[in-house]
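Asks: this one's sequence-less:
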């Protein structure tokens, strides 16, 4: 997995949980996660990006998946 930001680490965690061998490579430079760390705000993102109904629903769904993911990975 290239990148140790939020998405890269989540992908690595899911792959490892499925029995895959995982290697995370990251240059250690600032990335998007440093700017928006922990930002799970679907209503705000949908409003600022003028998202259509389908994108708004996708953002809410991602938000709703987070508690189960966090518990499974002890976050």
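Replies: On my side now, so go ahead. None of these values were measured; they are calculated from a predicted model.
Asks: on contacts alone, who are the packing partners of the helix or strand residue 57 falls within?
Replies: In this assignment (DSSP states H and E), residue 57 forms part of helix 53-72. Helix 53-72 is packed against helix 42-48, with contacts defined by 3 or more C-beta pairs under 8 Å, 6 or more residues apart in numbering; DSSP states H and E. Quick note: C-beta positions are derived from backbone N, CA and C, even for glycine.
Asks: So for the helix it packs on, mean pLDDT?
Replies: The average pLDDT for helix 42-48 rounds to 69.
Asks: Now residue 9. Nearest residue, chain neighbours left out?
Replies: The shortest distance from residue 9 to any non-neighbouring residue, by C-beta to C-beta, 6 or more residues apart in numbering, is to residue 24 (6.9 Å).
Asks: Can you give me the neighbour number for the one you found?
Replies: 15 (other C-beta atoms under 10 Å).
Asks: pLDDT below threshold where in this protein?
Replies: Applying pLDDT under 70 to the chain flags residues 32-43, 45-46.
Asks: Which of the helices or strands spans the residue most central in space within it?
Replies: Closest to where the C-alpha atoms of the chain average out (C-alpha atoms, centre = their mean) is residue 7, at 4.2 Å. If you go by DSSP H and E, residue 7 is part of helix 6-17.
Asks: Check which helices and strands that helix sits against.
Replies: Contact here means 3+ C-beta pairs under 8 Å, 6+ apart; on that basis helix 6-17 packs against no helix or strand.
Asks: buried stuff in the helix holding residue 57?
Replies: Buried residues in helix 53-72, counting neighbours by 16 or more other C-beta atoms under 10 Å, are found at 56, 59.
Asks: Any idea how far it is from the middle of the chain?
Replies: Its chain's C-alpha centre and that of helix 53-72 lie 10 Å apart, by C-alpha atoms, centre = their mean, to the nearest Å.
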